[in-house]
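Chemist: could you look at this predicted model? Sequence included:
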Amino acid sequence: MRLINVVHVAGRICRLFGAAFAAPAVVAAIYGEWTDVPGFLLGGAVTAGLGQLAVAVSPEADDDLRRIEALSVVAGVWLLFAILCAVPYLWVGFGTVDALFEAMSGITTTGATILTDFAAPGRGLFFWRAMTQWVGGMGVITLVVAVLPRLAHGVHQLFFAEAPGPTAERLAPQIRKTAAALWRLYAALTAVQAVALRLAGMSWYDAVCHAMTTLSAGGFSPHPQSVMGYDSAAIEWIVCVFMLLAGASFALQYRALAGRPGVLLRDDELRVYVAVVALATAGLAVLLWGLEGDAAPVRRAVFQVLSILTTTGYATADFELWTDQTRLVLLALMFIGGCAGSAAGGPKVLRHIIAGRFTMRELRRTLHPRGVLPVKLGGRVVPDEVIRSVLVFFVFYVLSFAVAAAVVVGFGADVVTGVTAAAATLGNIGPGFGEVGPMASFGGLHPVSKVTLIAAMWIGRLEVVTVLALVRPEVWAVARWRGVGRS
């Protein structure tokens with residue numbers, strides 16, 4: 001691995017990202033929050049300056065990145081972005097760990113928060129929270145592709161290795177045009193939702209913040225009671241529609257809007273995704289029907305199922321007060337996630353489909369040991385290496401979850417809090433149960449637990465295996481500033 005290439009590419013991305021800090025600075029100025037403006041300007045200056053320094057020390061970098069170098073750039077940039085996004089939080093008085101926690105939760109679209117006093121931060125900071133989620137949401141699909149299209153091959157292998165099919169296909173002959181098409185769709189859906197929420201009664205500020213955090217499957221809300229605080233059925237149904245879209249493949253939606261609506265019916269993953277939503281909603285609605293005081297069990301069930309499944313993390317009720325049976329439904333959804341190629345986190349529906357079909361094949365093989373029994377998806381045979389990558393992902397996902405839960409419980413949290421905090425951060429979901437429920441925060445956890453969950457958010461957003469691949473000793477054993485090796 002040639003470190004000069006990693007540093008150069010990361011520097012170029014940081015230079016561009018520095019401009020993002022200007023938007024919350026303008027919002028803070030509009031609302032007269034002048035003491036917050038320097039924090040955003042400082043963050044932008046540090047980000048752009050660091051990027052320029054990285055480019056300056058690596059002028060002889062090679063434009064052709066190898067796969068391990070592309071993985072290093074993506075993993076390093078996501079971690080670096082979280083650190084840089086913490087600067088505005090540090091400026092307004094957050095502690096170092098809390099600032100990094102909030103920043104990582106934003107850029108990875110997790111939505112877990114350490115905030116307990118929502119009256120303290122200004123509107124510029126709340127806008128920054130929403131904006132980092134919006135950038136991070138589409139960034140899962142097109143961050144590196146849009147900025148550096150020469151990395152397209154490595155990025156496709158990284159984010160879409162779980163299966164062949166629509167999510168791995170280009171929408172245009174050039175990868176830059178593919179990224180631009182997805183960004184246009186993403187921005188258009190955000191704008192449509194913002195207008196719809198404004199018409200439903202939200203202020204423009206709240207509507208824009210919620211639109212950005214819905215389409216990104218992030219869940220940060222400027223209201224301390226999340227969407228529940230608006231007490232509006234119209235707002236809840238609007239958010240439901242766009243959460244459903246946020247959890248579906250954006251590439252698939254683009255093709256449907258481009259004149260091929262039939263792809264929606266033919267896509268295996270989308271059909272399973274919709275079926276999970278329908279079945280979980282029906283089951284949860286039945287359970288909520290018996291709860292005293294719940295006058296709208298179906299709407300409540302639809303909203304909370306979509307919120308957890310798509311890893312958005314909004315709440316229209318304090319489900320910490322629900323029965324164990326209802327919370328069990330939500331816990332199961334935490335380990336499913338949205339579709340591949342969406343803004344949602346979690347293991348992804350597609351991986352569950354492949355793992356399930358592989359399991360059924362192995363069961364049939366016991367009866368037909370010599371039979372040719374391929375695993376198919378969308379009429380195409382899934383290669384064995386893809387199946388292996390899916391199974392490896394699940395192994396490391398479970399191990400990462402177990403380690404994170406053990407640390408949180410080991411540092412003083414109860415088992416329910418520890419287990420759901422680990423699931424909520426590794427799956428980039430947001431709220432858990434117990435001390436980290438939907439109307440609570442992660443602020444009361446031990447600092448070591450917070451650092452562990454920060455790492456879980458980063459690992460989960462990068463699909464686990466990406467990060468673990470970079471900690472292999474042989475990767476760094478051959479790393480050079482410049483070199484001719486094949487690593």
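Modeler: Good, I have the coordinates. Everything numeric here is computed off the predicted structure, so don't read it as measured data.
Chemist: pull the number of nearby residues for residue 119.
Modeler: Residues contacting residue 119 under the criterion other C-beta atoms under 10 Å number 5. For the C-beta atoms, the positions are set from N, CA and C on the backbone; glycine is no exception.
Chemist: that one: what secondary structure?
Modeler: coil (DSSP: H, G, I helix; E, B strand; the rest coil).
Chemist: contacting residues around residue 396?
Modeler: Neighbouring residues of residue 396 by C-beta atoms under 8 Å, 6 or more residues apart in numbering: 464-465, 468.
Chemist: okay, and which of those residues map to helices?
Modeler: Among those, the members falling in helices (DSSP state H) are 465, 468.
Chemist: neighbour-wise, which of the contacts of residue 396 leads?
Modeler: Within those, most neighbours by other C-beta under 10 Å means residue 464, with 23 neighbours.
Chemist: go ahead and confirm that one touches residue 394.
Modeler: No: counting by C-beta atoms under 8 Å, residue 464 sits too far from residue 394 to count as a contact (9.2 Å).
Chemist: which SSE is residue 61 in?
Modeler: Under the assignment given by DSSP states H and E, residue 61 is not contained in any helix or strand.
Chemist: who are the neighbours in contact with the spatially closest residue to it that is not a sequence neighbour?
Modeler: Leaving aside its chain neighbours, residue 61 sits nearest to residue 8 (3.5 Å; criterion: C-beta to C-beta, 6 or more residues apart in numbering). Applying C-beta under 8 Å, 6+ apart, we find residue 8 in contact with 54-55, 58-59, 61.
Chemist: and the residues you listed, which of them are buried?
Modeler: Neighbour counting with 16 or more other C-beta atoms under 10 Å marks 54-55, 58, 61 as buried within the contacts of residue 8.
Chemist: and the furthest pair within those residues?
Modeler: Maximum pairwise distance among the buried ones among the contacts of residue 8 (C-beta to C-beta): 9.8 Å, between 54 and 61.
Chemist: who touches both of those two?
Modeler: 7-8.
Chemist: what distance do you get for the residue nearest to residue 61 to residue 21?
Modeler: As judged by C-beta to C-beta, to the nearest Å, residue 8 and residue 21 stand 22 Å apart.
Chemist: cool, residue 268 as well?
Modeler: Here the criterion is C-beta to C-beta. By it, residue 268 lies 41 Å from residue 21.
Chemist: ok, residue 312 next?
Modeler: Distance from residue 312 to residue 21, counting by C-beta to C-beta: 25 Å.
Chemist: who's more crowded, these two?
Modeler: residue 312 (35 against 24).
Chemist: next, the contact list for the more buried one, please.
Modeler: 111, 213-214, 217-219, 243, 246-247, 306, 344, 430.
Chemist: please repeat the previous calculation with a cut-off of 10 Å.
Modeler: By C-beta atoms under 10 Å, 6 or more residues apart in numbering, residue 312 lies in contact with 109, 111, 133, 137, 213-220, 227, 239, 242-243, 246-247, 303, 306, 338, 343-345, 428-430.
Chemist: A strand includes it, no?
Modeler: No: assessed by three-state DSSP, residue 312 does not belong to a strand; its assignment is coil.
Chemist: what residue ranges in the chain score low on pLDDT?
Modeler: Along the chain, segments meeting pLDDT under 70 span 63-64, 140-176, 292-295, 483-487.
Chemist: what about the strands in it?
Modeler: With DSSP state E as the criterion, the chain has strands at 376-377, 380-381.
Chemist: strand partners (parallel or antiparallel) of the first one?
Modeler: I take that to be strand 376-377. If you go by DSSP bridges, strand 376-377 pairs up with strand 380-381 (antiparallel).
Chemist: and the strand it pairs with, how far from the chain's centre?
Modeler: Taking C-alpha atoms, centre = their mean, to the nearest Å, one finds the center of strand 380-381 at 28 Å from the center of the full chain.
Chemist: what's the local residue count around residue 41?
Modeler: Counted with other C-beta under 10 Å, the neighbours of residue 41 add up to 17.
Chemist: check contacts around the nearest residue to it once chain neighbours are set aside.
Modeler: Nearest in space to residue 41, with sequence neighbours left out and distances taken as C-beta to C-beta, 6+ apart, is residue 25 at 5.7 Å. If you count contacts by C-beta under 10 Å, 6+ apart, residue 25 has them with 33, 36-44, 88, 124, 127-128.
Chemist: on that earlier part again, please identify which pair of the contacts of residue 8 lies farthest apart.
Modeler: Distance extremes for the contacts of residue 8: the farthest pair is 54 and 59 at 10.7 Å, using C-beta to C-beta.
Chemist: scan the protein for its longest helix.
Modeler: Assigned via DSSP H, the chain shows its longest helix as helix 384-410.
Chemist: gap between it and the chain center?
Modeler: Counting by C-alpha atoms, centre = their mean, helix 384-410 is centred 17 Å from the centre of its parent chain.
Chemist: could you pull out the buried residues of that helix?
Modeler: 386-387, 389-390, 393, 396-397, 400-401, 404-405, 407-409.
Chemist: phi, psi for the residue lying farthest from the centre of the chain please.
Modeler: With distances taken from the mean C-alpha point of the chain and given as C-alpha atoms, centre = their mean, the most distant residue is residue 370, at 42.1 Å. Main-chain dihedrals, residue 370, degrees, to the nearest 10: phi -100, psi 0.
Chemist: residue 328 against residue 319, yeah?
Modeler: No: using C-beta atoms under 10 Å, residue 328 makes no contact with residue 319, being 11.2 Å away.
Chemist: what is in contact with the two at once?
Modeler: Joint contacts of residue 328 and residue 319 (C-beta under 10 Å, 6+ apart) are residue 284.
Chemist: which of the two has more neighbours?
Modeler: Relative neighbour count places residue 319 above the other of residue 328 and residue 319, with 23 against 14, counting by other C-beta under 10 Å.
Chemist: I'd guessed the more buried one sits against residue 438; true?
Modeler: Yes: counting by C-beta under 10 Å, residue 438 is a contact partner of residue 319 at 6.0 Å.
Chemist: next, show the common contact partners of these two.
Modeler: Common neighbours of residue 319 and residue 438, counting by C-beta under 10 Å, 6+ apart, are 304, 307, 330, 431.
Chemist: of those residues, which is the most crowded?
Modeler: Busiest of those [other C-beta under 10 Å] is residue 307, holding 31 neighbours.
Chemist: dump the residue contacts of that residue.
Modeler: By C-beta under 10 Å, 6+ apart, the contact set of residue 307 is 111, 214, 217, 219, 226-227, 239-240, 243, 247, 313-316, 319, 330, 333, 429-431, 438.
Chemist: ok, residue 322 next?
Modeler: Going by C-beta under 10 Å, 6+ apart, residue 322 touches 284, 287-288, 291, 294, 300, 304, 328-330, 433.
Chemist: likewise for residue 319?
Modeler: Residues in contact with residue 319 (C-beta under 10 Å, 6+ apart) are 284, 288, 300, 304, 307-308, 326-327, 329-330, 431, 433, 437-439.
Chemist: what subset of these is buried?
Modeler: Neighbour counting by 16+ other C-beta under 10 Å classes 284, 288, 300, 304, 307-308, 326-327, 329-330, 431, 433, 437-438 among the contacts of residue 319 as buried.
Chemist: list the ones among those that fall in helices.
Modeler: Going by DSSP H, the helices hold 284, 288, 300, 304, 307-308, 326-327, 329-330 from those.
Chemist: which of those lies closest to residue 234?
Modeler: The closest of those to residue 234 turns out to be residue 300 (C-beta to C-beta; 14.8 Å).
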